[in-house]
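Chemist: fold the stuff below for me.
(3 chains)
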Amino acid sequence: MSKQHKEIHEPLFHIAKREALPFWLSWLIRIGAVAAALVACAAVTVLLTGENPIQVYATMIDGAIGTERRIWSLLQNTAMLLCISLAVTPAFKMKFWNIGAEGQVLMGGMATAACMILFGDKLSSPLLMIVMIVTSVLAGAVWSFIPAFFKANWNTNETLFTLMMNYIAMQIVSFFTYMWSVPKGSGQIGVINANTQAGWIPALGGKAYLLNIIIVAVLTAVMYIYLKYSKHGYEISVVGESENTARYIGINVKKVIMRTVLLSGALCGIAGLLLVSGTDHTITRNTVAGRGFTAIMVSWLAKFNPVYMILTSFLIVFLQKGATEISTIFGLNDSFSEIITGIIIFFIIGSEFFVNYTIKFREKEANK
Amino acid sequence: MLVAFIQRAIVQGIPLLFGSTGEIITEKSGNLNLGTAGVMYVGGISGVIGAFLYEGSVETVNPVLAVIIPILSCILGSLVMGLIYSFLTVTLRANQNVTGLALTTFGVGVGNFFGGSLIKLTESDLPSITLTQTSNCFKATLPFADKLGWFGDIFLSYSFLAYVAIAIALLAAFYFNRTRSGLSLRAVGENPATADAAGISVSKYKYLSTCVGSIIAGFGGLYYVMDYACGIWSNDAFGDRGWLAIALVIFAIWRPNVSIIGSIVFGGLLIIHNYIPGLSFSGQEILKMTPYVVTIIVLIIISMRQKRENQPPASLGLSYFREER
Amino acid sequence: MGTQAAIELRNITKTFGSVIANKDVSLTVNRGEILSVLGENGSGKTTLMNMISGIYFPDHGQIFIDGKEVVIRSPRDAFDYKIGMIHQHFKLVDVFSAAENIVLGLEEEGKFNVKQSAEKIRKISEQYGFDLDPKKKIYEMSVSEKQTVEIIKVLYRGADILILDEPTAVLTPQETQKLFAILRRMRDDGKAIIIITHKMQEVLSLSNRVAVLRKGEYIGTVETKDTSEAQLTEMMVGQKIDLNIERTEPKDPQARLEVKDISCVNREGIKLLDNVSFTARSGEILGIAGIAGSGQRELLESIAGLQHLNQGEILYHNPKTGKTDNLRDKTPIQIRDLGVRLSFVPEDRLGMGLVGNMDIVDNMMLRSYRRGKSAFLERKKPKDLARKIIEELNVVTPGENTPVRRLSGGNVQKVLVGREIASSPTVLMAAYPVRGLDINSSYMIYNLLNRQKESGVAVIFVGEDLDVLLELCDSIMVISSGRISGIVDARTATKEEIGLLMTKNSGGEGNE
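Modeler: Numbers count the residues shown, from 1 in each chain, chains lettered A, B, ... in the order given. Next comes the predicted model:
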């Protein structure tokens, strides 16, 4: 009888699903991931510049909050990213993978710009603002409704559909930028209503971006309440968790999908409005600058919780600003910040594994 | 003019063909890699870096090395991207959409960063790097192609990478349908639990197909720089071709052989505005959206028709964990 | 090798989180024998077999094949030891053909050639009398065809240790007999066969030895010829079977729900319900018996407004208004708006009845959240209800804010049944409400159903254990292949009678 074939190696470890971790521990893991990411980013920077890491961090912080202007810019950018993140959240919570925020925001911005150009000198300020709000909301909503309609009725893959819609939106914007370009044929619209400032979101107390930020802050609170305490929010959660259960209790799944995605699109439209009317005062096909995609990561990293989203969007914008500063100070390319953002997100999404799974090592059993 | 149009359409289509074949291989394993755009950037810039270093280190370039070095560096660059994606989504089971988008951010960043840095190194006035010597080696065509009239122009006038693209697409189609391992790969994408129970290593197939897919997609970037753009890298010039490649995957209903035709159609749609006389700039922009519109129409049709063979791989976008209860 | 056991398990333990699926299980199977692994639902049979076939990996314990200790890390390892498992839930790729599924993952000599494989499949089919078209796609197949594919898959690989997980659950009696004949032939070939089941009759007619599991623990192995149904039952449930469910006489039964000639088909055009008619009366428990998947789910879902019907009507006689409403093709909301108080405990608790990731309070709201005109949720009442259910039904949970996913099966069911009863229904439907529950929880559910009956509710109970059906219900309706094959008085009917009805019209004209 053959005994103890110890050349068979037992698997040293295997992966198992974890029991729910205590709240503080899961956040400790996430914070640890951010810290590790920062170390990795510093390492990359040091490798590329040869500066000492302390200097790198200092530059980063300086770039983000070094001057009052920078702080405002940081807050404004955070607000914009947060706004788009809020917009994508209801749909995502419902497991509707809308990666078309880029296009929906752009359409909202386009509608805003169109109103500013066409009615800038025809309508009074308050009326113009109302028209802008209505059209931008409609534009974003329509852009999200098309894929939602097909998803609800034929289960058409919404990820790929919304992705395509982004590029159609960009082409539409390109079309209009040629049509309305100033000077003719330049392909650029330039600052709209530079003299009259018609349709610009007014500066509050001399702070150009303050109103933007306040609007987004209000939206955050509203979205938090909507998702957590409203019947709609509850239905979104049920549909997202299990369509079968939703059917069982008589939720009209189609209706909820369409309603929620419309809401998502409408909010994207508002984001477009804030971008064009409140920040850029012009539009190009790159006005959204990838925020539609970054917002998805922000929302997902925050577990679709609007309050956590304040943190995650702040973190990402902070790093981007910091990295931009590093690249100017140390003579690197602007795209450095994209690399840094990429690395940070890799670390954070990687860390979720350690929140949800555990690695079990096989106990050595005493062989008799 | 028609011949010239077809020829340009094919040249436009080749990067897309590389990208979509790579993405199809990846998606067949159930991994929806939305990072393809980033992978193609990295493939392009890695080739550029390889070529740049080689051109700078020798007096006269050896045509064989001038081709091999960029190809190897392109493979290396795209492979790293594939590995990042696989590690996060397969080993760490991260959300594929989020990982893919982050990979695109990262990859485009890497491309533009190193591109920008190299441009700075050359101290040229133009915002681009020119690698004419390398490009000439890549663009070598058959010597008798131009003597065969329209036939030569349409079929034989391309550089070797174009034929490689078509060969890879055909090979991939053959692999999926006629080989044991292709069958296993499809099983992993359709139903990983079944594949696992059949003794197929799900992780291995996911890793391999994602990495191989990335390398192939990376070639798309390389072809674009070395051939289409005549060895000139300028930041963001590659544009949205990565996303177009993903669109092409749907258009081709996950079949690499269909994607050969599809890539030419897409290539044609991209440039057709140059061949319509009297078209305004704004009109051109409207025409440029046709590939995306066509893709959406295909997507809608396949979802309405519900034909089982034409659906995306059933587990596309989901990560697999064996002990899931 | 001689008398060496083909496979031996020693002290196998496996846990999922805090749930112990298997605890110190040891058993052996010899070549040339059929071993039945017997146990109630949830006794850990499938988990144990999954560890032999490499799907799960044990936390502790050893596995020996032909006397040598082995480590089975993956299904591939299992194949290498010639272990083949036929799962209860088929592991087939829908868009592949039968042949492609059979050769999947196999490393044969020579070139990949589907035709050649198809030839080999034909040979195996002929040898054992299977009827299978290798080119047919799985999504076009019936359930028994799929099982055939699974079995041929294992045979194709030359497995000599075969594990079958509840193979007869989806088969007609003829198909079952055919399968048993094949299994006996394999046994006589010298193969080791393990069959997981909870059907006593099959155990006794097929196997050489029987190993019994109870709640994840190994109870013992007996020779089939030396044992009896009573002994096995005792081993399985741990005490002599004496259900002793109290049953009161129905008081003033009145027709509450009248189902008339309803039929429905699935996407492929197969009839799932075929001219079903019956009446559920107030103050009575109507049992529904039948082989799993005979149309029970579709029947209940039709009544609940979740299934589109091709014909027939569902009439509800409202005791308050005296009105009669047709519920056919109404949505659950419309049904509720008619004033029909219908409660439904579906088979799929966490996938349909509850939301696993929500806490108990939010799950309580599923039925009631719409109440009131406010756009916002009102969590106070659901919270009180959650607390009441936790207390009254002894739900073991850290608190009412624990996601139900983290509760054990029995506690999940208590939460679900508690919620459905709380809306004081006039009709209560429960599908397999005790599946996977321990004895105590099961009795609690029986009692709850009886209380409902006594208060005048028309209860419809879909069950699988005939003993329970016979002791709990007032009448039993038997469903077979979507048709009603008989309605019997539960006080006088016998198990044999019901067993016969269960398989009555399933021959030939049934599914196809």
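Chemist: all the strands of the chain, residue numbers only.
Modeler: You didn't pick a chain, so chain A it is. Using DSSP state E, the strands of chain A run over residues A:13-17, A:357-361.
Chemist: wait, I meant chain B there
Modeler: B:129-130, B:232-233.
Chemist: rank the strands of chain A by mean pLDDT and give me the bottom one.
Modeler: Ranked on mean pLDDT, the bottom entry among these is strand A:13-17, at a mean of 67.
Chemist: spell out which residues of the stretch 51-200 of chain C are next to chain B.
Modeler: Contact residues (C-beta under 8 Å from any C-beta of the partner chain) of the stretch 51-200 of chain C with chain B: C:53, C:55-56, C:74-76, C:78-79, C:85, C:87, C:91-96, C:100, C:103-108, C:112, C:137, C:139. No exception for glycine: its C-beta is placed from N, CA and C like everyone else's.
Chemist: over to C:Lys82: give its phi and psi.
Modeler: When read as degrees, to the nearest 10, the backbone of C:Lys82 gives phi 60, psi 40.
Chemist: my guess is it contacts C:Ala159. True?
Modeler: Yes - the pair C:Lys82 / C:Ala159 is scored as a contact, 5.1 Å apart, by C-beta atoms under 8 Å.
Chemist: looking at the two, which has the bigger crowd around it?
Modeler: C:Ala159 (22 against 17; other C-beta atoms under 10 Å in any protein chain shown).
Chemist: now for C:Ile124: which residues touch it?
Modeler: C:130, C:152, C:155-156 (C-beta atoms under 8 Å, 6 or more residues apart in numbering or on different chains).
Chemist: follow-up on the earlier one: okay, the strands of chain B in a markdown table with mean neighbour count, distance to chain C and mean pLDDT next?
Modeler: Listed next are those as a markdown table, based on neighbours: other C-beta atoms under 10 Å in any protein chain shown; distance: least, C-beta to the nearest C-beta, whole Å; pLDDT from 0 to 100:
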| stretch | mean neighbour count | distance to chain C | mean pLDDT |
| --- | --- | --- | --- |
| strand B:129-130 | 21 | 46 | 80 |
| strand B:232-233 | 24 | 42 | 85 |
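Chemist: next, format these as CSV and append distance to C:Ile439.
Modeler: Shown next, in CSV, are the strands of chain B (distance: least, C-beta to C-beta, whole Å):
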stretch, distance to C:Ile439
strand B:129-130, 77
strand B:232-233, 73
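Chemist: how near is C:Pro332 to C:Ser302?
Modeler: 12 Å (C-beta to C-beta, to the nearest Å).
Chemist: ok, now which ones touch C:Pro134?
Modeler: C:97-99, C:102, C:117-118, C:121-122 are the contacts of C:Pro134 under C-beta under 8 Å, 6+ apart.
Chemist: same deal with C:Leu206?
Modeler: C:Leu206 sits next to C:34, C:36, C:180, C:183-184, C:195 when contact means C-beta under 8 Å, 6+ apart.
Chemist: what's the PyMOL line that selects buried ones from those residues?
Modeler: Applying 16 or more other C-beta atoms under 10 Å in any protein chain shown to the contacts of C:Leu206, the buried members can be selected in PyMOL as follows:
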select buried, chain C and resi 34+36+180+183+195
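Chemist: among the contacts of C:Leu206, which one lies nearest to chain A?
Modeler: C:Ile34 (25.9 Å; C-beta to the nearest C-beta).
Chemist: in this structure the closest one contacts C:Ser205, no?
Modeler: No - with contact defined as C-beta under 8 Å, C:Ile34 does not reach C:Ser205; the gap is 10.4 Å.
Chemist: out of the residues of the stretch 51-200 of chain C next to chain B, which end up buried?
Modeler: C:53, C:55-56, C:74-76, C:78-79, C:85, C:87, C:91-96, C:100, C:103-106, C:137.
Chemist: let me know the secondary structure of C:Gly312.
Modeler: Following DSSP: H, G, I helix; E, B strand; the rest coil, the label given to C:Gly312 is strand.
Chemist: surely it is in contact with C:Asp274?
Modeler: No - between C:Gly312 and C:Asp274 there is no contact under C-beta under 8 Å: 10.3 Å.
Chemist: where does chain B dip in pLDDT?
Modeler: B:145-146, B:322-325 (pLDDT under 70).
Chemist: related to what we said a few turns ago, who has more neighbours out of C:Pro332 and C:Ser302?
Modeler: A side-by-side neighbour count of C:Pro332 and C:Ser302, using other C-beta under 10 Å, places C:Ser302 first with 25 against 21.
Chemist: which residues are in contact with that one?
Modeler: Here C:Ser302 is in contact with C:262, C:264, C:273, C:309, C:314, C:328 (criterion: C-beta under 8 Å, 6+ apart).
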